[in-house]
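Colleague: Next come a sequence and a model predicted from it.
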Amino acid sequence: MQAIRRVIGRAVPVGRTNIDTDQIIPAAWTKKIARTGFADGLFQNWRRDPAFVLNEPERRGAKILISGPNFGCGSSREHAVWALRDYGFQAVIAASFAGIYRTNLPHNGLVPVVAPAAAVDALLAVTTADTTVEIIIDVVRRVVSCEQAGVAETHFFLDDDAHYRLINGLDAIDMTLQLDARISEYELRRPNWLPNCDGTVHTSAP
Amino acid sequence: MTLMEKIWNQHVIDRGDADLLYIDLHLMHEVTSPQAFEGMRRSGRKLRRPDLTIATADHDVPTSGVALALTDVLGARQLQLQIANCREFGIELHPMGSAGQGIVHVIAPEMGLTQPGMAIVCGDSHTATHGAFGALAFGIGTSQVEHVLATQTLRIAKPRTLAVTVEGQLRPGTTAKDLVLAIIGAVGVNGGTDTLIEYRGECIRALSMAGRMTVCNMAIEAGARSGLVAPDDTTLRYLEGRQRAPKGHQWARAVEHWQTLRTDQNAVFDVEVVLDGGSVRPQATWGTNPSQTVHIDGRVPDPATLNEPVGREAARRAQEYMGLEPGTAMSDIPISTVFIGSCTNGRLEDLRAAAEVVRGRRVASTVRALVVPGSARVKQQAEQEGLDKDFLAAGFEWRLPGCSMCVGINGDVVAPGTHSASTSNRNFEGRQGVDARTHLVSPESAAATAIAGHLVSAASLD
């Protein structure tokens, strides 16, 4: 995985609250078995409106999505992150995210920037008015800034585990497997009345 | 200590900003797993615990009985891939047509696989359903699915605790579904963010396991990571004798442990909400998220009168999407599709309640009504009780088990611009079909609505 230490770029401000993953990518896209190719699904229904912000030609190449609170609520589908990634986004800024979505972002090298509401509002306002404004996200120091928005270096929340993986380009599974001995140790202690699965593909009933 | 913290501590392998928890049961379905299996193949890693992994086909499954390949090439391929993956990795799978197949959150409890004190995950947000048994149950993304396959663990930040205490009793005709909609209306879709909801109080205790599953299922819609109900005699009565439940001496030992699974008297929750169960009325959502709900005999609210958590701008936008004017009587909204099913309300008890309402009556000529049992077992039991005949005689379609119209990716969709009454869990824009307009209701209300052709509670039907 590539290390992500800084994101600098223009933004697409979608100032709505409670943007659910059905809006980020319609459910039908989850029938794809590949891991890439989801760009056309991003905000597919909202994009039917020519006035939708993602359709603005000047926004092309933007790397940062800014949203209202509770971004990514609803379904756990990680396709809602893959769509952002495939479209070219590298970070999402919001005052809050749905828990599952916030966890899914760094697994794909995207940065969830949980920033104070006042800063998010300022960023939304300035980037809505001016498509050329650039935002600087320093992932290593966990600060976000934007001169034109009057946002001086502002600390954002990113949990230590996701932070460490992102800035060092580490794979979560590799990191956990370093604790293999402790996992085995735990397994020996599990009560033996816990249920098991039978490992069989059950064929259709006659 | 709260119950959540007790179970959490019993599963921690490593502590950090996010703790590493051991996973007792990994539930899988065909939609969120293909990329995880591909990742396993690419990395050459071994599936750590096939004996703690089980899969079913639910999201893509056509409920019509028509051969899959004729209707949905992508879905057919995904289902075939699931069979191939489960064969390759040695995973228990209940595919379409098998006796144990069904919606993943319906089949695990009915098999007795979901038990108190377990840590359970699935690549599906409604995994919260299993919290009804006093288990820690989390929905996860596909990358985490791969992580669980390879390590049998989950790295997850410990949520804050939210106690939702419901005292009193539900009025006759008011159900667990109405209760949870009322709770979400009060808490908001963001109100439970970063928390785990423990449902407490005499009204919760009085719910059956199916009712508790409905309530936990929709904890996610209040923004919570999951829901939880402490196990009690109702839980034990449900579990005893089930296929994968412990037996004999093992049962006694398990029960001894399960009886320790309750929040301590002096435990402190981070947030507390208290409701009177007797104040809840049959609900129907009017908007595009589950918090936008009202009494089914009420009116579409004026956005100007709404405060947080629902929000005025969100309400205005929702009503525009739904094509609803403020002040409109809910009973004046024409419903052209009624869907009874889903992991929220697709169990035998839900079907019995709906059948009771429709028996001897006919679906309105303007309505397409379908019943999708939550599993093959539920379907079989329902047929043994003659419920299928009640539904068919009334003019409902009686279908094969699957997620169906809840998420609408198997061909069961609501037509654009039309209104549905659905016993599922989400009324988001476009959820049941492009430009579909969904009203979430209880099974009883859905049944009554099918008869009347408009939103109505069962009690108001006559």
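Modeller: In hand now; what should we look at?
Colleague: any idea where the strands of the stretch 251-400 of chain B begin and end?
Modeller: Per DSSP state E, counting those that start in this stretch, the stretch 251-400 of chain B carries strands over the ranges B:271-276, B:283-285, B:293-295, B:337-340, B:368-371, B:397-398.
Colleague: what would those look like in CSV with mean neighbour count?
Modeller: For every residue, glycine as well, the C-beta is placed using N, CA and C. As requested, the strands of the stretch 251-400 of chain B are exported to CSV (neighbours: other C-beta atoms under 10 Å in any protein chain shown):
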stretch, mean neighbour count
strand B:271-276, 14
strand B:283-285, 28
strand B:293-295, 20
strand B:337-340, 29
strand B:368-371, 24
strand B:397-398, 18
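Colleague: Make CSV out of those and add mean pLDDT and distance to chain A.
Modeller: CSV is the format used below for those (pLDDT from 0 to 100; distance: least, C-beta to the nearest C-beta, whole Å):
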stretch, mean pLDDT, distance to chain A
strand B:271-276, 97, 15
strand B:283-285, 98, 14
strand B:293-295, 97, 14
strand B:337-340, 98, 15
strand B:368-371, 98, 18
strand B:397-398, 98, 17
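Colleague: Adding distance to residue B:34, write the ones you listed out as a markdown table.
Modeller: Shown next, in a markdown table, are the strands of the stretch 251-400 of chain B (distance: least, C-beta to C-beta, whole Å):
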| stretch | distance to residue B:34 |
| --- | --- |
| strand B:271-276 | 38 |
| strand B:283-285 | 32 |
| strand B:293-295 | 35 |
| strand B:337-340 | 27 |
| strand B:368-371 | 28 |
| strand B:397-398 | 30 |
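Colleague: what's the closest of the ones you listed to residue B:327?
Modeller: strand B:293-295 (11.7 Å; C-beta to C-beta).
Colleague: before we move on, the earlier item: so which of the strands of the stretch 251-400 of chain B gets nearest residue A:21?
Modeller: strand B:283-285 (18.3 Å).
Colleague: All the helices of the stretch 1-150 of chain B, residue numbers only.
Modeller: For the stretch 1-150 of chain B, the helices defined by DSSP state H, counting those that start in this stretch occupy B:3-9, B:34-43, B:68-71, B:73-89, B:104-111, B:142-151.
Colleague: ok, now chain A?
Modeller: Along chain A, the stretches classed as helices by DSSP state H are A:21-24, A:79-87, A:99-104, A:117-129, A:160-168, A:172-177, A:180-189.
Colleague: Can you say which of the ones you listed is packed in most?
Modeller: Of all the helices of chain A, helix A:99-104 carries the top mean neighbour count, a mean of 27, counting by mean count of other C-beta atoms under 10 Å in any protein chain shown.
Colleague: can you tell if it touches chain B?
Modeller: Yes: counting by C-beta under 8 Å from any C-beta of the partner chain, chain B has neighbours in helix A:99-104: A:99, A:100, A:103, A:104.
Colleague: How far does that helix sit from its chain's centre?
Modeller: 7 Å (C-alpha atoms, centre = their mean, to the nearest Å).
Colleague: Now do it: which elements does it pack against?
Modeller: Counting contacts by 3 or more C-beta pairs under 8 Å, 6 or more residues apart in numbering or on different chains; DSSP states H and E, helix A:99-104 packs against helix A:79-87, strand A:111-114, helix B:142-151.
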